[in-house]
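In: Kindly return the folded structure for what I paste below:
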Amino acid sequence: MAFQNPTFSSLLAAFLCLTVFYFLFRWRFGKETFWQANRVYLLFVPFLAWVIPHLQVQLTPASPLSEAIDPALLIQLLQLRQEAEGWFTAEQAPERSIPLGDLLLWVYAGGVLWNISLAIVKTSRILYLAHLGERQDFGSFTLVSNARIAGPASFFRFVFSPPQQPVSGMVLEHELAHVRQGHSFDILLMELWVALHWYNPLIYRMRHHLRATHEFIADAAVVSRSEGAYAYARLLISQPQNRVPMLYNTFAAQISSRLRMLARRPSARWKLVAHAITLPLAAGLGLFFSVQVIEATPMPEAFKPIASALDRLEHARIDASTLQISAPAEEKEASPESMESEKPLASPICVCCQPLLFPKSAPWSWERTPCLLLLPSESKSLTIPPKPDRPV
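Out: Numbering: from 1, shown residues only. Down below sits the predicted model:
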């Protein structure tokens, strides 16, 4: 399991995943009155839509082939073969043109930074308005009176109201429902998902539905504690709609949708089970976009000699690791037979019969050499092993 960097294909897959999740909400969940479940869904599925294509899970099933090669070893053998044949001796001139995929990724990164910067600016503006206004601390919330605020609104524990329009009982209860539910955290989290999915127009519709869900939750809290839905509906009708896009929750927002929801009967509890469709849908998208089944690749005929040589070299390493070669206690006169079998070594010789791997002056040892050298530092000569049939 690994997490890959965004690519053009992964961003396209994220676009498709978010589209599927959005139309599922419009088809099934958006028509029900399970506001809290819809709230969790709208906050969670953008995260799933972005993570699923970027999370790579590789599965390698057992291969029945007797002679199979691992993909990583195949790449290594390809590199060895190319180096042996001198395919990359000449340096290639660097390309000056920017690939289209890299250019699109730079555009995507610019859009992410722009949306994050925009959210930071909006948040700073709200905090600045809270700093300039006249504040009254009531413990669980702070009432801020500021002439720059168009109407009642809330952001975290701040409840805003213009001086010429003091908040009434039901309006204050509505804004306190936003404060208690922590809807400002939802708004900032959704701004992060908007920054990641800015190229998908459906993410802005999901942000709109999340804002509406917040208002439905607050309206339900007011109706349960006040005189009834009729009096509250009359209060909503008397409010001028606020269409200024800000990060705080405004009372006079999405009036028509809220009136329709006030007139709707609560959905049956058993319909809440429909939200479980999200789990198999997310699993199916994960299997389609994230899981990769890598089958064992049969070894090509051209690589079998190289693999055989590597196998002989590995066995030679294991066998030679148990050897203990030491210099003779006293020098003896060499016989003609020993002169034929023993030769003075001018430089190290490995089991692959490749002499002159290093110059005479090079400080070599068992650990510094890429191949296994059959010449310890205290020996002066050693019987040269016979050359293999096929040199490496």
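
In: And the helices in the stretch 101-250 of the chain, which stretches?
Out: Taking DSSP state H, counting those that start in this stretch, the helices of the stretch 101-250 of the chain run over residues 169-181, 183-196, 202-225, 229-237.

In: any chance of the ones you listed in JSON lines, plus mean neighbour count, distance to Val107 and mean pLDDT?
Out: To be clear about C-beta, it is placed using only N, CA and C from the backbone, and glycine gets the same treatment. Formatted as JSON lines, these follow (neighbours: other CB atoms under 10 Å; distance: least, CB to CB, whole Å; pLDDT from 0 to 100):
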{"stretch": "helix 169-181", "mean neighbour count": "20", "distance to Val107": "36", "mean pLDDT": "90"}
{"stretch": "helix 183-196", "mean neighbour count": "19", "distance to Val107": "14", "mean pLDDT": "95"}
{"stretch": "helix 202-225", "mean neighbour count": "19", "distance to Val107": "17", "mean pLDDT": "91"}
{"stretch": "helix 229-237", "mean neighbour count": "15", "distance to Val107": "42", "mean pLDDT": "83"}
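
In: is it possible to export the ones you listed to JSON lines including distance to Leu247?
Out: Output for these, formatted as JSON lines (distance: least, CB to CB, whole Å):
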{"stretch": "helix 169-181", "distance to Leu247": "12"}
{"stretch": "helix 183-196", "distance to Leu247": "5"}
{"stretch": "helix 202-225", "distance to Leu247": "10"}
{"stretch": "helix 229-237", "distance to Leu247": "22"}
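
In: Of all those, which one is nearest Leu104?
Out: Leu104 lies closest to helix 183-196 among the helices of the stretch 101-250 of the chain, at 15.2 Å (CB to CB).

In: Could you export that closest one as CSV, CA atoms only?
Out: The C-alpha trace of helix 183-196 is given here as CSV (Å, rounded to 0.1, in the frame of the first residue of the first chain):
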residue,chain,number,x,y,z
HIS,A,183,-20.8,24.3,11.9
SER,A,184,-17.9,26.7,11.4
PHE,A,185,-15.5,23.7,11.5
ASP,A,186,-17.5,22.1,8.8
ILE,A,187,-17.3,25.2,6.6
LEU,A,188,-13.5,25.4,6.9
LEU,A,189,-13.2,21.6,6.2
MET,A,190,-15.4,22.0,3.1
GLU,A,191,-13.2,24.9,1.9
LEU,A,192,-10.2,22.4,2.0
TRP,A,193,-12.2,19.9,-0.1
VAL,A,194,-13.1,22.8,-2.5
ALA,A,195,-9.4,23.6,-2.9
LEU,A,196,-8.5,20.0,-3.7
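
In: contacts for that helix?
Out: For helix 183-196, contacts defined as CB atoms under 8 Å, 6 or more residues apart in numbering pick out 39, 42-43, 46-47, 50, 111-112, 115-116, 119, 123, 154-156, 178, 203-204, 206-207, 210-211, 214, 217-218, 247-249.

In: picking up where we left off before, quick one: which of the helices of the stretch 101-250 of the chain is nearest Ala14?
Out: With CB to CB as the measure, helix 183-196 is the member of those nearest Ala14 (8.0 Å).

In: what angle do the closest one and helix 169-181 make?
Out: 60 degrees (axes from the mean of the first three to the mean of the last three CA atoms, to 10 degrees).

In: quick one: helix 183-196 to helix 202-225, angle?
Out: Put simply, helix 183-196 runs at 170 degrees to helix 202-225, going by the same axes, to 10 degrees.

In: separation between the spatially closest residue to Val194 that is not a sequence neighbour and Ser308?
Out: Distances taken as CB to CB, 6 or more residues apart in numbering place Ile203 nearest to Val194, at 5.4 Å, with adjacent residues excluded. Distance of Ile203 to Ser308, computed by CB to CB, to the nearest Å: 56 Å.

In: For the nearest residue to Ser145 once chain neighbours are set aside, give me its contacts.
Out: The shortest distance from Ser145 to any non-neighbouring residue, by CB to CB, 6+ apart, is to Glu134 (4.5 Å). Neighbour list for Glu134: 144-146, 163 [criterion: CB under 8 Å, 6+ apart].

In: quick one: which of those has the most company?
Out: Within the contacts of Glu134, most neighbours by other CB atoms under 10 Å means Val144, with 21 neighbours.

In: So that one versus Leu129, what's the distance?
Out: Remark: distance between Val144 and Leu129 (CB to CB) = 7 Å.

In: try Phe138
Out: Distance check for Phe138 against Leu129: by CB to CB, it reads 18 Å.

In: Can you pick out the residue with more neighbours from these two?
Out: Applying other CB under 10 Å to Phe138 and Leu129 shows that Leu129 carries more neighbours, namely 20 against 10.

In: The nearest residue in space to that one that is not next to it in sequence: what's it in contact with?
Out: Nearest non-adjacent residue to Leu129, counting by CB to CB, 6+ apart: Asn146, 5.4 Å away. When contacts are counted by CB under 8 Å, 6+ apart, Asn146 touches 129-130, 132-134, 160, 162-163.
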